[in-house]
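# Structure of the sequence below:
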Amino acid sequence: MAVFRIEKTRDYTVMSNHHLKDRTLTLKSKGLLSMMLSLPDEWNYTTRGLAAICREGVDSIGAALKELENHGYIRRTQLRDEKGKITDTEYVIYEMPQCEPPSSPGTPLPGTAKPYTENPDMGIPDTAEPCTENPAQLNTNQTKTDLSSTEISNPIPSNPPTPAGARMGMDRMGARECYREVILDNIEYSYLVQDSHIDREQLDEIVDLIVDTVCSARKVIRIAGDDYPAEVVKSRFMKLDSSHVQYVMDCMKDNTTYVRNIKKYLLAALYNAPTTINSYYSSLVQHDMYGDGQRGRG
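Got it, this is the predicted structure:
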């Protein structure tokens, strides 16, 4: 008889297990809700961002969100201006369903005429006074316990409460560390550092640059002199893998011209890596087969 043993580590998540026992939910929706409840406070993300860290497609994420909404775990409210025009949408996530499930899967909830556009902005506002100023937000704090979802439960009740400013700083640090772990996994960092041909310091610089870019609060990010929507850049950076990183490092090694701003150069190289990597290595193969075999010479 097989025996399964669980080795627990730090960074526990405190959440209700109601949705895990809800037999009306699919496994995908249970997993997505658990992941969203485990994210740090003030976590802002889009369906594309969720797709990047879940390795699921945008359509699949949207379908899971729709299922959670139909079962009362997500409430969506359309926001209107003084003229009654729909401006944005606010999302609130609950650990316990807030309404009875519809009689059939196709029955829409009020205000669900156009659910989940391709890239709705979703964030997590403050728990005390849910803000409706930020568009299309998801709020995972409405029905959570007083403990932060990513903090280890502390049995000592005498600890003084953390000031709001310090708490926000810790939340941002927690979000950054979460992104770093995902990025290190995406690029197979543990595999790359074992390669004797890899410059460890340069690799760490590239990792830091990717993390900085993904965690940037800017709405637009400049790449090679052009401004791109931050979400587009972040989505592409979250899809980088070990081959892309090795490609960028090879480009740096083969480059013989002086680079005045190495950060901008790396930023552009990383952003363009998915679209130029195949052509780059194809040209090297052609050069080695039909050229003089000497790279970097005219």
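
# Could you use CA atoms for every contact and neighbour count after this?
Will do.

# And the average pLDDT for whichever strand or helix holds C178 is what?
Element membership for C178, per DSSP states H and E: helix 164-186. Along helix 164-186, the predicted local confidence has a mean pLDDT of 71.

# Next secondary structure element downstream of it?
Past helix 164-186, heading to the C-terminal end, the next element that is a helix or strand (DSSP H and E) is helix 189-192.

# Stretch 221-231: which residues count as buried?
When burial is assessed from 16 or more other CA atoms under 10 Å, stretch 221-231 yields the following buried residues: 221, 223, 230-231.

# typo on my end, it should be stretch 185-192
Going by neighbour count (16+ other CA under 10 Å), the buried part of stretch 185-192 is 186-187, 189, 192.

# Among those, find me the one that's closest to L68.
Within the buried residues of stretch 185-192, distances to L68 taken as CA to CA reach their minimum at N186, with 27.6 Å.

# From R180, how far out is that closest one?
Between N186 and R180 the computed distance is 10 Å (CA to CA, to the nearest Å).

# rewinding a little: what's the closest of the buried residues of stretch 221-231 to G31?
Nearest to G31, judged by CA to CA, of the buried residues of stretch 221-231 is E231 at 23.6 Å.

# What is the neighbour count of D204?
Other residues within reach of D204 by the criterion other CA atoms under 10 Å amount to 13.

# That one sits in which helix or strand?
Taking DSSP H and E as the criterion, D204 maps to helix 200-214.

# Need the CA coordinates for that helix. PDB is fine.
In PDB, the C-alpha atoms belonging to helix 200-214 read as follows (Å, rounded to 0.1, in the frame of the first residue of the first chain):
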ATOM      1  CA  ARG A 200      26.600  33.800 -13.000                       C
ATOM      2  CA  GLU A 201      26.800  37.600 -12.300                       C
ATOM      3  CA  GLN A 202      25.400  38.500 -15.700                       C
ATOM      4  CA  LEU A 203      22.600  35.900 -15.200                       C
ATOM      5  CA  ASP A 204      21.700  37.400 -11.900                       C
ATOM      6  CA  GLU A 205      21.600  40.900 -13.500                       C
ATOM      7  CA  ILE A 206      19.200  39.600 -16.100                       C
ATOM      8  CA  VAL A 207      17.000  38.000 -13.500                       C
ATOM      9  CA  ASP A 208      16.900  41.200 -11.500                       C
ATOM     10  CA  LEU A 209      16.000  43.200 -14.700                       C
ATOM     11  CA  ILE A 210      13.100  40.800 -15.500                       C
ATOM     12  CA  VAL A 211      11.800  41.000 -11.900                       C
ATOM     13  CA  ASP A 212      12.100  44.800 -11.900                       C
ATOM     14  CA  THR A 213      10.200  45.100 -15.200                       C
ATOM     15  CA  VAL A 214       7.400  42.700 -14.200                       C
END
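
# Just the buried residues of stretch 233-245, please?
Neighbour counts using 16+ other CA under 10 Å place 233-242, 244-245 of stretch 233-245 among the buried residues.

# and Y247, what does it touch?
For Y247, the set of contacting residues under the criterion of CA atoms under 8 Å, 6 or more residues apart in numbering consists of 273, 277.

# what's the spacing between it and T276?
For Y247, the distance to T276 - CA to CA - is 9 Å.

# and if you look at Q246?
Relative to T276, Q246 is positioned 13 Å away (CA to CA).
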